[in-house]
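Participant: give me the fold of what follows.
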Amino acid sequence: MAFYKNVASQKIPVYAFDSDTGLAATGEAANISAEISKDGGASAATNDAAPAELDATDHPGWYLFDMTQTEMNADMIIISPACSSDGIVLHPVALSTIPGSNAGVLSDLVDAPNATAVTAIQNGLATAAALATVDGIVDSILVDSAEIGAAGAGLTALPWNAAWDAEVQSEATDALNAYDPPTRSEATSDKAEILAETGPILSDTNELQTNQGNWLTATGFSVHSAADVWAVATRVLTANTNLNDPTAAAIVAALQAATVETGLTVNELFRVLFAACAGLSDTFSGADAATGAHFRNKADSKNRITVTTDANGNRTSITYDMT
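Facilitator: Numbers count the residues shown, from 1 in each chain. As a prediction, this is how the structure comes out:
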């Protein structure tokens, strides 16, 4: 939509809607007003104090402000409408104008062309001479494109320009001058060093192949039995002359003598446990019959454990004989 600068009788539309329902607001023309700012200048009330409602049925919510020529005399115009009714919202309108002499500029050109308008249009068009020049340039481009051919097929027979010879030769000469190959003397010296290094390696390789038989089939390799290997030196592991291995009896004795608790060895512990768990037992006789018991050794030759208890059966003293 075009708006013309400094042209009267133009209308600016605004849209009003209910913020709660989102529906168009109709019948609000008397409650709507607007402020105008031109080119960012001070705000003022529009000349049209209340816009006209366009059509409540076919165009609900649309209202039109009639603008004066003075109000439209700006490059940028901002219209900020408002409604005094609760919940009715209108958004600001920002627009830019284009030059125009009167409200009928476009209609004059379309409906009733005149010499001035036609001249103005023609002045903006290319002349026949200018078009002919462009046409000639395009024709030349088409000729060159035809020579190139599809996918550059025409570029395969490019002619050689003799003027390029000197440049190519110069580049080749520079490359050869920069290249520094070894001299015959240097190459011979390097060859001698290589042969000197590889000669011993080759000799060792040949010796391995000659002296060690066939590496693939093992033919020619020396074969020894286990007896041959043992016969080479003293079999100290078999003789057991330099190993301080303890005997089974020594290991058992050391284990039996190991201390479990202070003053109690493993051997003594087993004697006490056997008497308590598997030895014969008896209670004290006479007046003390209910206050103690004996636990005998395996041979039933001695009291291994002597227990004294009180009337409630609680142990009050224990004597061990672990010999």
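Participant: which stretches of the stretch 201-323 of the chain have low pLDDT?
Facilitator: The stretch 201-323 of the chain contains residues with pLDDT under 70 at 209-223, 233-244, 284-291.
Participant: do a quick rundown of the strands in it.
Facilitator: All strands of the stretch 201-323 of the chain, identified by DSSP state E, counting those that start in this stretch, fall at 259-261, 264-265, 281-283, 292-296, 303-309, 315-320.
Participant: and the third one, what does it pack onto?
Facilitator: Same thing as strand 281-283. Using 3 or more Cβ pairs under 8 Å, 6 or more residues apart in numbering; DSSP states H and E, the elements in contact with strand 281-283 are strand 292-296. In this view, the C-beta of every residue, glycine as well, is placed from N, C-alpha and C.
Participant: circling back to that earlier point, can you redo the strands of the stretch 201-323 of the chain as JSON lines with distance to residue 176 and mean neighbour count?
Facilitator: Below are the strands of the stretch 201-323 of the chain laid out as JSON lines (distance: least, Cβ to Cβ, whole Å; neighbours: other Cβ atoms under 10 Å):
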{"stretch": "strand 259-261", "distance to residue 176": "96", "mean neighbour count": "10"}
{"stretch": "strand 264-265", "distance to residue 176": "100", "mean neighbour count": "14"}
{"stretch": "strand 281-283", "distance to residue 176": "118", "mean neighbour count": "13"}
{"stretch": "strand 292-296", "distance to residue 176": "115", "mean neighbour count": "18"}
{"stretch": "strand 303-309", "distance to residue 176": "113", "mean neighbour count": "19"}
{"stretch": "strand 315-320", "distance to residue 176": "111", "mean neighbour count": "12"}
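Participant: now these as JSON lines including distance to residue 94?
Facilitator: Shown next, in JSON lines, are those (distance: least, Cβ to Cβ, whole Å):
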{"stretch": "strand 259-261", "distance to residue 94": "102"}
{"stretch": "strand 264-265", "distance to residue 94": "106"}
{"stretch": "strand 281-283", "distance to residue 94": "116"}
{"stretch": "strand 292-296", "distance to residue 94": "114"}
{"stretch": "strand 303-309", "distance to residue 94": "112"}
{"stretch": "strand 315-320", "distance to residue 94": "108"}
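Participant: ok, residue 81 - how many residues close by?
Facilitator: By the other Cβ atoms under 10 Å criterion, the neighbourhood of residue 81 contains 21 residues.
Participant: try residue 36
Facilitator: Using other Cβ under 10 Å: residue 36 sits among 24 other residues.
Participant: do the same with the one 4 residues further on
Facilitator: A count of nearby residues for residue 40, using other Cβ under 10 Å, gives 9.
Participant: please begin residue numbering at 596 from this point
Facilitator: Yes, from this point I'll number from 596; that puts the last item at residue 635.
Participant: name all residues that make contact with the closest residue to it other than its chain neighbours.
Facilitator: Computed as Cβ to Cβ, 6 or more residues apart in numbering, the closest residue to residue 635 that is not its neighbour in sequence is residue 671, at 6.8 Å. When contacts are counted by Cβ atoms under 8 Å, 6 or more residues apart in numbering, residue 671 touches 633-635, 689-692.
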